[in-house]
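Visitor: Next come a sequence and a model predicted from it.
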Amino acid sequence: IQPVVVTINPSSTLVITNPPAVCSPSTVDLTLASVTAGSSTGTLSYWTNAAGTTILNNPNAVTSSGTYYIRLTNGSCSTIQPVVVTINPSSTLVITNPPAVCSPSTVDLT
């Protein structure tokens, strides 16, 4: 008879807070501590799919709306959670100059 050593690592807790929406051309930084505040310690990695097989390039400057994924790895244990990024299109303002008037007339800009 031989002894067997069994190690059960505690599961990691990954808490995600979706970052606030921004307007284009601004970007979203998923590496900010506020996005994963309350999570266990470990190594974070950023992905474009739920399986965690396609890495997210530039997680500190995301330029497109969508659902991305953050994986927390602590030793041999890991967990992955979705994070939603919202980047609203920038507004377009079109101005048409009013026709000229003669004094004392006024121009209504509304």
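Guide: Sure thing, it's come through. Numbers count the residues shown, from 1 in each chain.

Visitor: was I right about Val101 contacting Asp108?
Guide: No. Counting by C-beta atoms under 8 Å, Val101 stays clear of Asp108, with 10.0 Å between them. In short, each C-beta sits where N, CA and C put it, glycine included.

Visitor: what about these two, which has more around it?
Guide: Val101 (9 against 5; other C-beta atoms under 10 Å).

Visitor: Tell me how far the nearest residue to that one once chain neighbours are set aside lies from Pro99.
Guide: Distance criterion C-beta to C-beta, 6 or more residues apart in numbering; nearest residue to Val101, sequence neighbours excluded, is Val107 at 5.8 Å. Separation of Val107 from Pro99 (C-beta to C-beta, to the nearest Å): 8 Å.

Visitor: The two: who's more crowded?
Guide: For Val107 and Pro99, the more surrounded residue by other C-beta under 10 Å is Val107, and the numbers stand at 9 against 6.

Visitor: Model confidence at that one, what's the number?
Guide: Model confidence at Val107, given as pLDDT, is 90.

Visitor: Checking it next. Helix, strand or coil?
Guide: Under DSSP: H, G, I helix; E, B strand; the rest coil, Val107 falls in the coil class.

Visitor: likewise Gln81?
Guide: strand.

Visitor: i'd like the first residue to be 54 from this point on
Guide: In the new count, where the first residue is 54, that last one comes out as Gln134.

Visitor: Any idea what it is bridged to?
Guide: Ile123 (DSSP bridges).

Visitor: Please give the number of neighbouring residues around it.
Guide: 15.

Visitor: That one is in contact with Tyr121, isn't it?
Guide: No. Applying C-beta under 8 Å as the test, Gln134 and Tyr121 come out as separate, 10.1 Å apart.
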